[in-house]
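[1] Compute the structure for the input listed below.
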Amino acid sequence: MGAAVFVDTAYLIALLDPRDSLHARALSLAKKLASDEAPLFTTDAVLLELANYFSRSPLRATAIEWVAAIRSGEGWEVLRLDGALLARGEDRYRAHADKTWSLTDCVSMEVMAARKITDAATTDAGFRQAGFRTLLR
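    Numbers count the residues shown, from 1 in each chain. Okay, the predicted model is just below:
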């Protein structure tokens, strides 16, 4: 079994949308993660972002199917966005006013730190700034 990976919205968008410039790389990463049997983590906040991103897209129905599949998928753990996690994310957001990190990213980073996850399936440079390794560049 491979090392745990945090899955961010940018990766899911690239994976789902064949028009995305990183679609082929996302597919390749998905195959690698599957062959490594890497445990995959994400949050309610990421799934909200994914659905919101495709809300006005022809891929809207597919996006919500993916949300359901991730929630029930073997090898996935979706961390609930509770008050304590949100407060930690808000603290990180507040503490890094010099960064362009979204609140969702800050919540994700808190999950990664708490779970000792070093790898993120994302293109988001903010994760690198925070000391994590990004797998989709």
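[2] can you give me the helices for the chain?
    9-16, 23-36, 44-53, 60-72, 83-95, 103-115, 125-129 (DSSP state H).
[3] got the buried residues for the second one?
    This means helix 23-36. Going by neighbour count (16 or more other C-beta atoms under 10 Å), the buried part of helix 23-36 is Arg25, Ala26, Leu29, Ala30, Leu33. The way it works is simple: take the backbone N, C-alpha and C, and place the C-beta from them, glycine included.
[4] Repeat that for stretch 55-72.
    Buried, per 16+ other C-beta under 10 Å, within stretch 55-72: Leu59, Ala63, Trp66, Val67, Ile70.
[5] Put the alpha carbons of it into CSV.
    What follows is stretch 55-72 as a C-alpha-only set of coordinates in CSV (Å, rounded to 0.1, in the frame of the first residue of the first chain):
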residue,chain,number,x,y,z
SER,A,55,-22.6,24.0,-11.4
ARG,A,56,-23.0,25.8,-14.8
SER,A,57,-21.3,23.1,-16.9
PRO,A,58,-22.5,20.2,-19.0
LEU,A,59,-20.5,18.1,-16.5
ARG,A,60,-22.8,19.1,-13.6
ALA,A,61,-24.5,15.7,-13.4
THR,A,62,-21.3,13.8,-13.7
ALA,A,63,-19.7,16.0,-11.0
ILE,A,64,-22.4,15.1,-8.4
GLU,A,65,-22.1,11.4,-9.4
TRP,A,66,-18.4,11.7,-8.7
VAL,A,67,-19.1,13.2,-5.3
ALA,A,68,-21.3,10.2,-4.4
ALA,A,69,-18.7,7.8,-5.8
ILE,A,70,-15.9,9.3,-3.7
ARG,A,71,-18.0,9.3,-0.6
SER,A,72,-18.7,5.6,-1.0
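[6] Cool, thanks, signing off.
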